[in-house]
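> Turn this into a model:
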Amino acid sequence: MSKSARHRILLPEIDTERMLALIPENEFMMLLRGSDALYSKYSFLLAWGAEEVVDDLGILEMNDWCFGHVAYDAHVMWSGVGEVHQPEMGFSPVRFFRPRFVLGEINDQLFLDCYHYDIEAALSWLSSITDGFDLAPHLPVQFQLESIDSRETYVSKVHQLQEHLLRGDIYEINFCCFFTGKAKLTYHHFLGWYEKTQAPFSAFYRSENAFLYCASPERFICKRGQLLIAQPIKGTAPRSADPQLDQQARDSLLKSEKERSENVMIVDLMRNDLSKLAVVDSVKVEELFGIYSFAQVHQMISTVTAQLRKDSSLLDIFKATFPMGSMTGAPKKRSVELIGQFENSARELFSGSIGYVDPDGDFDFNVVIRSLMYNDQTNKIKAGVGSAITYLANPESEYEEISWKLSTILAIQQP
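A predicted model of the protein is given here:
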């Protein structure tokens, strides 16, 4: 479909929070919330309804709105490297949809995009949302998450991975464990959770019966014109309500030799990945070891950019860079092999990516972390949580890090 098939309606100032709270659920929808100060193009985007569903990145043209995901295990289709555990949450390896309606905000201007033949229906849909309804409540939910691996099993596996590190098979690896339970969740649980986390790459996503509730602080990769931007995260510290302790945590993170070494390894990996797509000599590290503070954590974030070659497709970009090094390790190929051996559950959409492509051919994709997967047929919920393992890592400390990362996900229960 071409750009000319779309029509943009500029909207007057509207209470955005009220409007988003009244959006009816659709079996294909995505709400992207949050933004960063440097590279975000839109303040928010809501895609609603599917005109077309595409499960193959190779046929996806970057000249219309597309929203969707690339699950972690998609990399096996492209590389043949790694093992795939049995998926259980309902996410296909790749899925994108061309939305019927797109609500968004750019440069403080609200807009509604629809197809030319659907203008009347789009305006009627918007009126049904904004005309005189009360805010939907933030419904409380209670659930328990049980670990698939025990603490003892996790510690034992980390020790075994450190043997691979000692032998030089890998330099670091992102090792994850998984938690499952049962619940009944709706779109509105995401809205209440976002108010607490304010994470810049947050999202609610529904693809038929598979749901994702995401409070990610991490961008995977975005495109602005021909500029590619990647922002890997390695290094995390919890926030404190005490200003002095909070500043100490931030300073300790910046000075941590372990966190800096992990971060620079992933930066080097991303530089190598982007070089496969880049104009010669255009790969740059714009920022190294930047410390950014969010509602619940401090993060060490670095920024790598490159000028994209004009013959590169979205499939080329994902094949060169996915899965992201921050969720695998270095070197990537051997890390992926060991992840398949040591993790006993499919990552599915966790440590994959969701995002959008816009009609200009720009895109923005996150890293799916701090997230909860949900299937509304089985009522099963699943969360993955990981950390970077190096030879100097303390397995018990790594498990504690996983525990407090999990607590940020459990906050979705609070009304």
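
> Which residues belonging to stretch 144-162 are considered buried?
Leu145, Ser147, Asp149, Tyr154, Val155, Lys157, Val158, Leu161, Gln162 (16 or more other C-beta atoms under 10 Å). (Glycine included, C-beta is placed from N, CA and C.)

> what sits against the residue nearest to the fifth one when sequence neighbours are not counted?
So the one you mean is Val155. Nearest residue to Val155 in three dimensions, chain neighbours excluded: Pro395, at 4.3 Å (C-beta to C-beta, 6 or more residues apart in numbering). Taking C-beta atoms under 8 Å, 6 or more residues apart in numbering, we find Pro395 in contact with Tyr154, Val155, Val158, His159.

> Equivalent analysis for Gly82, please.
Asp73, His75, Val76, Val336, Glu337, Ile339, Gly340.

> Please report how far the second one lies from Met29.
Spatial separation of His75 from Met29 under the definition C-beta to C-beta, to the nearest Å is 26 Å.

> Now do the helices in the stretch 51-200 of the chain.
Along the stretch 51-200 of the chain, the segments classed as helices by DSSP state H, counting those that start in this stretch run 74-79, 119-130, 151-167, 187-197.

> I'd like to know which of these lies nearest to Met19.
helix 119-130 (6.0 Å; C-beta to C-beta).

> rewinding a little: and which of the contacts of Gly82 is nearest Arg239?
Ile339 (29.0 Å).

> so what's that closest one up against?
Contacts of Ile339 (C-beta under 8 Å, 6+ apart): Gly82, Ile173, Asn174, Phe175, Cys176, Thr328, Gly329.

> Now with 10 Å, please.
72, 82-83, 161, 173-176, 323, 327-329, 347, 351, 386 (C-beta atoms under 10 Å, 6 or more residues apart in numbering).

> Now for Tyr39, how many residues are close by?
Other residues near Tyr39 come to 16 when the count uses other C-beta atoms under 10 Å.

> What helix or strand is the spatially closest residue to it that is not a sequence neighbour located in?
Leaving aside its sequence neighbours, Tyr39 sits nearest to Ile229 (C-beta to C-beta, 6+ apart; 5.3 Å). Taking DSSP states H and E as the criterion, Ile229 maps to strand 227-230.

> What helices and strands are in contact with that strand?
strand 219-224, helix 257-275, strand 297-307, helix 314-321, strand 363-366 (3 or more C-beta pairs under 10 Å, 6 or more residues apart in numbering; DSSP states H and E).

> any chance of these in TSV, plus mean pLDDT and mean neighbour count?
As requested, these are exported to TSV (pLDDT from 0 to 100; neighbours: other C-beta atoms under 10 Å):
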stretch	mean pLDDT	mean neighbour count
strand 219-224	97	24
helix 257-275	93	20
strand 297-307	94	22
helix 314-321	96	19
strand 363-366	98	24
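
> how about a markdown table for these, with distance to Arg98 added?
What follows is these, written out as a markdown table (distance: least, C-beta to C-beta, whole Å):
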| stretch | distance to Arg98 |
| --- | --- |
| strand 219-224 | 18 |
| helix 257-275 | 28 |
| strand 297-307 | 28 |
| helix 314-321 | 14 |
| strand 363-366 | 14 |
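
> can you tell me which of those comes nearest to Ser40?
Of those, nearest to Ser40 by C-beta to C-beta is strand 363-366, at 7.1 Å.
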